[in-house]
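Chemist: need a structure here:
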Amino acid sequence: MNEDDLERLLLRPLDDLELTKIDARARRSATLAEALWGKTPRDLERQLLAVHPELPPRFQLADYRALERSTQRTLLLLKKPKVARLFSVWSSSAKIGNTQYTEMEARLEIVRRAIRHLERSRD
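Modeler: Alright, predicted model coming up:
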């Protein structure tokens, strides 16, 4: 989805069923994000240092992929200079092992590792 597609989507009227579905997906994604990433930088560090992230129950691979997509979009937005200045808190960085991560990069890496782990365990 590019910016034009997003703008068209945002400008068209939505019915109650569509809004309910969008709200449910957003809430599910937010719940997964908090459960997977935790609430503190130490939680992120713990997940990054683990062999594979600790996966919260009740979530499917599709939930992790949706979270990955939204995290990627957020990371791309945060790399734009105007946005980066407004949200500098997300650009704080930490070194985990030999790799330097911003907070959002760490979140994306955790989701990617979770997806890889889920895919391997399905085979």
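
Chemist: so how far is residue 54 from residue 68?
Modeler: Going from residue 68 to residue 54 by C-beta to C-beta, to the nearest Å gives 17 Å. (C-beta placed from N, C-alpha, C; glycine too.)

Chemist: Strands along the chain, start to end?
Modeler: Using DSSP state E, the strands assigned to the chain run over residues 93-96, 99-102.

Chemist: which stretch in the ones you listed has the least confidence?
Modeler: Confidence, taken as mean pLDDT, is least for strand 93-96 of the strands of the chain (a mean of 66).

Chemist: Go ahead and flag the most central residue of the protein.
Modeler: The centroid of the chain falls nearest to residue 71 when counting by C-alpha atoms, centre = their mean (3.3 Å).

Chemist: Roughly how far does it sit from residue 26?
Modeler: As judged by C-beta to C-beta, residue 71 and residue 26 stand 13 Å apart.

Chemist: joint contacts of those two?
Modeler: Residues within reach of residue 71 and of residue 26 at once, by C-beta atoms under 8 Å, 6 or more residues apart in numbering: there are none.

Chemist: show me where pLDDT drops low in the protein?
Modeler: Counting by pLDDT under 70, the chain contains low-confidence residues at 1-3, 5-10, 83-96, 123.
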